[in-house]
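> for reference, the sequence and a predicted model appear below.
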Amino acid sequence: MTDVVIVGGAIMGSSLAWWLTELGHDPARVTVVERDPTYENCGTAHTNSCIRQQFGNPLNVAVSRFGVEFLKDFRAHMGGDERVPEVLLHPFGYLYLAGDPAEEDRLRAAHAAQQAQGSGTVLMAPEEIAARWPFYDLDGITLGSWGSRDEGYFDGTTMFEWWRRIARERGVSFVHGEVAGVDTAGGRVAGVVLADGTRIGADVVVNAAGSRGAAVARSAGLDLPVEPRKRYTWVFEAARPLGQDLPLTIDPSGVHCRQDGVGPANQYMAGATPAHDPAVDPDDFGGEWEMWEETIWPALATRIPAFEEIRVKRAWVGHYDLNVLDANAILGFHPGLEGFAIMNGFSGHGLQQSAAMGRGLAERIVHGRYVSLDLSPFGVERVLAGEPFAERAVI
Ligand SMILES: Cc1cc2nc3c(=O)[nH]c(=O)nc-3n(C[C@H](O)[C@H](O)[C@H](O)COP(=O)(O)OP(=O)(O)OC[C@H]3O[C@@H](n4cnc5c(N)ncnc54)[C@H](O)[C@@H]3O)c2cc1C
């Protein structure tokens, strides 16, 4: 049996560790190395924690379908352990709004792919949107696409904590340390070397290092087109609550906004991809906060006039581990270095993909192939060939 070292113990590293034990890998031969066991600065800690079926590529739809089935039956998937809580899913749905023919075409094509996978996506004319959610100003909107089930907020933190806890209880070692280099003596992976000089031997090293994924790959002599990019979140209270759930609305301006909290809440969450979007240092959490007043709030208040009167409660910056080739996951063994596996580049939709990605990579390690769902289109090979994974529904 192989010795596995996982670099990074956040949602991906913990999912993989748990899945390895679940598929029968000896837990004593799995080590997770994490540089910051508080996890306070990782992508997982800064997420908006939503899940959608509304992807354009059928494989991304299938990955999220498994994700939602897994979280809806979390305790059963975790062996029925009475201590394990059920995971909250608040299925307000995503509502993509189209304001031009190209975006309309994209929504229609994606709808067909989603239907084929059994998703509950419905296309809606502006009148139908207005009848269901009268608070929108739909000026300029020609079509909407709404996920009527299995889309919305989910409590990813609970999944993360219980994957980590059960993996540890089963005997996986979680080590506090920073992987400074991958040991490639002999022309294949032989282990990792930590910043304090400690060496941990391994046949398989998995790069689950989030926004530091390219640095870890570089330490093995490999390039990975993954960059830390800042993404902002604002949480605000509205003076005049909308009185019903706000779907996760993706406006043609690029601003997105959703309900934050279950019940008659008047708290909402918004974000957008900044116009100025360079690669940053993974320790840089400084913010260009003026964009809230300059672009984001005006766009929101135009689409939802009730949001003229709001009060920002808090805001934060997190990092996407953006795969600059195609904004999609990179998963699988690297053909350039035997034993080196990548689980990186999730680009803003990793939380919802963590169940399927952990299962898939665990299958590759334990069985030598994907068993449940063929995830090979996410492989490193496409990256090396410069052939993007086709997915236009990127937020
Ligand atoms: C603002 C924001 C909103 C998002 N919203 C959503 C959403 O709604 N839905 C969704 O599905 N996804 C969303 N995401 C994306 C999702 O949160 C991430 O894809 C996911 O959390 C990535 O998990 P990860 O484990 O791969 O990486 P991370 O959570 O970044 O964890 C990587 C870990 O590796 C450790 N590490 C790094 N280098 C080393 C090293 N050399 N040695 C040891 N340890 C190391 C780090 O300390 C860290 O703990 C969002 C992300 C952001 C930033």
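Received it, and whenever you're ready, just let me know what you need. Numbers count the residues shown, from 1 in each chain.
> tell me the residues of the chain that contact the ligand?
Residues of the chain lying close to the ligand (CB under 6 Å from any ligand atom) are 7-13, 33-36, 39, 42-44, 46-50, 178-179, 208-212, 216, 231, 233, 318-320, 346, 348-352. No exception for glycine: its C-beta is placed from N, CA and C like everyone else's.
> could you flag which of the residues you listed are buried?
Buried members of the residues of the chain next to the ligand, scored by 16 or more other CB atoms under 10 Å, are 7-13, 33-35, 39, 42-44, 46-50, 179, 208-212, 216, 231, 233, 318-320, 346, 348-352.
> in strands only, show me these.
Val7, Val33, Glu34, Cys50, Val179, Arg231, Thr233, Gly318, His319, Tyr320 (DSSP state E).
> the helices in the stretch 151-300 of the chain, which residues?
Listed in chain order, the helices found in the stretch 151-300 of the chain under DSSP state H, counting those that start in this stretch are 156-170, 213-218, 291, 297-303.
> could you confirm Arg382 falls within a helix?
Yes: residue assignment for Arg382, taken from DSSP: H, G, I helix; E, B strand; the rest coil, places it within a helix.
> Glu127: which of the helices of the stretch 151-300 of the chain is closest?
Among those, the nearest to Glu127 by CB to CB is helix 297-303 (16.7 Å).
> elements contacting that closest one?
Counting contacts by 3 or more CB pairs under 8 Å, 6 or more residues apart in numbering; DSSP states H and E, helix 297-303 is packed against no other helix or strand.
> find the closest residue to the ligand in the stretch 1-150 of the chain.
Gly8 (2.6 Å; CB to the nearest ligand atom).
> contacting residues for that residue?
Gly8 is in contact with Val32, Val33, Glu34, Cys42, Asn207, Ala208, Ala209, Gly210, Arg212, Val216, counting by CB atoms under 8 Å, 6 or more residues apart in numbering.
> test my guess that the fifth one contacts Ser219.
No: taking CB atoms under 8 Å as the definition, Asn207 is not a contact partner of Ser219, at 9.4 Å.
> which one's more surrounded, these two?
Asn207 (31 against 19; other CB atoms under 10 Å).
> for the lowest-mean-pLDDT helix or strand in the chain, list every residue counted as buried.
Taking mean pLDDT, DSSP states H and E as the measure, the helix or strand of the chain with the lowest value is helix 101-116, at a mean of 92. In terms of neighbour count (16+ other CB under 10 Å), helix 101-116 has its buried residues at Glu103, Glu104, Arg106, Leu107, Ala110, His111, Ala113, Gln114.
> biggest separation within the ones in strands among the buried ones among the residues of the chain next to the ligand, which pair?
Cys50 and Val179 (30.1 Å).
> distance of Gly254 from Val280?
Per CB to CB, to the nearest Å, Gly254 is found 19 Å from Val280.
> where does pLDDT dip in the stretch 251-395 of the chain?
263-264 (pLDDT under 70).
> how about 80 then?
Applying pLDDT under 80 to the stretch 251-395 of the chain flags the ranges 262-265, 392-395.
> list the contacts of the residue of the stretch 251-395 of the chain found nearest the ligand.
Nearest to the ligand in the stretch 251-395 of the chain, going by CB to the nearest ligand atom, is Gly350, at a distance of 2.1 Å. For Gly350, the contacting residues are Ile11, Met12, Gly43, Asp321, Ala329, Met357, by CB under 8 Å, 6+ apart.
> if we take those, which one ends up nearest to Ala28?
The closest of the contacts of Gly350, once distances to Ala28 are taken by CB to CB, is Met12, at 21.4 Å.
> pLDDT wise, what is that closest one at?
Met12 is assigned a pLDDT of 98 by the prediction.
> distance-wise, check the closest residue to the ligand within the stretch 51-200 of the chain relative to Glu227.
Distance from the ligand to each residue of the stretch 51-200 of the chain (CB to the nearest ligand atom) is smallest for Val179, at 3.7 Å. Computed as CB to CB, the Val179 to Glu227 distance reads 19 Å.
> swap in Trp234?
For Trp234, the distance to Glu227 - CB to CB - is 23 Å.
> same deal with Ser211?
According to CB to CB, Ser211 stands 8 Å off from Glu227.
> pull up the overlap in contacts between these two.
Asp321.
> correct me if wrong: Thr21 contacts Val172.
Yes: contact criterion CB under 8 Å: Thr21 and Val172 qualify, at 6.4 Å.
> tell me which of those two has more neighbours.
The neighbour comparison of Thr21 against Val172 (other CB under 10 Å) goes to Val172, with 26 against 21.
> show me what contacts the more buried one?
Neighbouring residues of Val172 by CB under 8 Å, 6+ apart: Ala17, Leu20, Thr21, Pro27, Val30, Thr31, Val32.
> grab the most central residue of the protein for me.
Among the residues of the chain, the one closest to the centroid is Gly350, at 1.8 Å (CA atoms, centre = their mean).
> tell me how many other residues crowd Glu381.
Residues lying near Glu381 (other CB under 10 Å) number 14.
> with adjacent residues omitted, what lies nearest to it?
Spatially, and ignoring its direct neighbours in sequence, Glu381 is nearest to Pro335 (6.4 Å; CB to CB, 6 or more residues apart in numbering).
> what sits against the one you found?
Here Pro335 is in contact with Val380, Glu381, Leu384 (CB under 8 Å, 6+ apart).
> neighbours around the last one, how many?
Put plainly, it is Leu384. For Leu384, using other CB under 10 Å, the count is 13.
> next one: the first one
Counted with other CB under 10 Å, the neighbours of Val380 add up to 22.
> can you pull the contacts of it?
Contact partners of Val380, counting by CB under 8 Å, 6+ apart, are Ile330, Gly332, Phe333, His334, Pro335, Ile342.
> just the ones of those residues in strands?
Reading strands off the contacts of Val380 with DSSP E, I get Ile330, Gly332, Phe333, Ile342.
> surely the first one is in contact with Phe378?
Yes: applying CB under 8 Å as the test, Ile330 and Phe378 come out as touching, 6.4 Å apart.
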